[in-house]
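Chemist: Predicted model follows, preceded by the sequence.
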Amino acid sequence: MNPVRSGIIFAAILAACLTACLAPDAEAQWGDYCSTATTAAPVGSSPVLYNLPNGEGAPLTRARTTAGLVDATITLTLFDYGCMPVANFAASDMWLEKSVAAGTGNFTSCAGGTIADANTDAAGVTRWTNPLRAGGWSTSKTLVVINGAALSSNSGLVLRHNSADINGDRVVDLADIPLFAADYGTTALRSDLKFDGVVNISDIPLMTAAIGAVCP
Ligand SMILES: [Ca+2]
Ligand SMILES: [Ca+2]
């Protein structure tokens, strides 16, 4: 290849790379070291969030403990490896999952059903306040997951979950009723839909009102 031609090809490759290789790519820049996730719920409380697949469960601002309503808003502050805020990180790439532990529930979500409320702001901050689109139950910790990797600056947040979709198939229908009936009068978290520590008559309206709820 003559030097002029190879020089032209090199210049073309360089130009393409300057466009593609140096394009802003905030998605790849977040770092685990300085990023933090916190819950507004009081330290020592163990709130329960009521979810439905159709997103008509409780917002995180209205989780429950045995003492009543509690704000369990989750706040994530996303930093890069240099501990600078990562702004405008896509909400769709930040979501909640149940910590994996045997016997702690069948929590499940619809596609995109647990993503953050919004992209990160200029300070790298986003929150979860909106109702999730989810079903099943969880007594383990709630993890904040970013691009598929759980944030490791803490071991997860204390937030339990339940749903009228008790069997966790993302549909509330007659198949969930026998499970509710079996738990009636017990302290089973999965059926304590208006959470107060016991499955009783106050939980029935939530169960019946949810029949037919499915993912969007
Ligand atoms: Ca179900
Ligand atoms: Ca109850």
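Modeler: On my side now, so go ahead. Ligands and ions are numbered 1, 2, ... in the order given.
Chemist: quick one: what helix or strand has the residue nearest to the spatial centre of the chain in it?
Modeler: When C-alpha atoms, centre = their mean is applied to the chain, the residue found nearest the centroid is Leu96 (2.0 Å). Per DSSP states H and E: Leu96 is located in strand 94-98.
Chemist: for this protein, what's the longest strand?
Modeler: Taking DSSP state E as the criterion, the chain has its longest strand at strand 30-39.
Chemist: Just the angle for that strand relative to strand 94-98, thanks.
Modeler: Between strand 30-39 and strand 94-98, the angle comes out at 60 degrees (axes from the mean of the first three to the mean of the last three C-alpha atoms, to 10 degrees).
Chemist: How about the next helix or strand after strand 30-39 and ligand 2, touching?
Modeler: Proceeding N to C from strand 30-39, the next assigned helix or strand is strand 48-51, under DSSP H and E. No. Judged by C-beta under 5 Å from the ion, strand 48-51 and ligand 2 are separated, with a smallest distance of 9.8 Å. Using the backbone N, CA and C atoms, a C-beta is placed for each residue, glycine as well.
Chemist: picking up where we left off before, name the next helix or strand downstream of the strand holding Leu96, please.
Modeler: strand 108-109.
Chemist: Centre of the chain to that next one, how far?
Modeler: 9 Å (C-alpha atoms, centre = their mean, to the nearest Å).
Chemist: Give me every residue in this protein lying close to ligand 2.
Modeler: Checking the chain against ligand 2 by C-beta under 5 Å from the ion, the hits are Asp192, Lys194, Asp196, Asp203.
Chemist: ok, and the most crowded of those residues?
Modeler: Asp192 (25 neighbours; other C-beta atoms under 10 Å).
Chemist: surely it meets Ser202?
Modeler: No. Contact between Asp192 and Ser202 fails when scored by C-beta atoms under 8 Å: they sit 9.4 Å apart.
Chemist: Pull the most distant pair out of the residues of the chain next to ligand 2.
Modeler: Spatially, the most separated pair among the residues of the chain next to ligand 2 is Asp196 and Asp203, at 8.6 Å (C-beta to C-beta).
Chemist: which residues in the protein form helices?
Modeler: For the chain, the helices defined by DSSP state H cover 3-20, 177-183, 204-209.
Chemist: does ligand 1 sit close to the shortest one?
Modeler: No. With C-beta under 5 Å from the ion as the threshold, helix 204-209 lies outside contact range of ligand 1, at a closest distance of 11.2 Å.
Chemist: Any buried residues in that helix, and which?
Modeler: For helix 204-209, the neighbour count (16 or more other C-beta atoms under 10 Å) marks Leu206, Met207 as buried.
Chemist: got a list of contacts for it?
Modeler: Tyr50, Ala164, Asp176, Ile177, Phe180, Ser191, Leu193, Lys194 (C-beta atoms under 8 Å, 6 or more residues apart in numbering).
Chemist: still on that earlier bit, near the nearest residue to the residue nearest to the centre of the chain once chain neighbours are set aside, how many other residues are there?
Modeler: In space, Leu96 comes closest to Thr114 once its chain neighbours are excluded; the distance is 4.0 Å by C-beta to C-beta, 6 or more residues apart in numbering. Close neighbours of Thr114, defined as other C-beta under 10 Å, add up to 23.
Chemist: Distance of Thr114 relative to ligand 1?
Modeler: 17 Å (C-beta to the ion, to the nearest Å).
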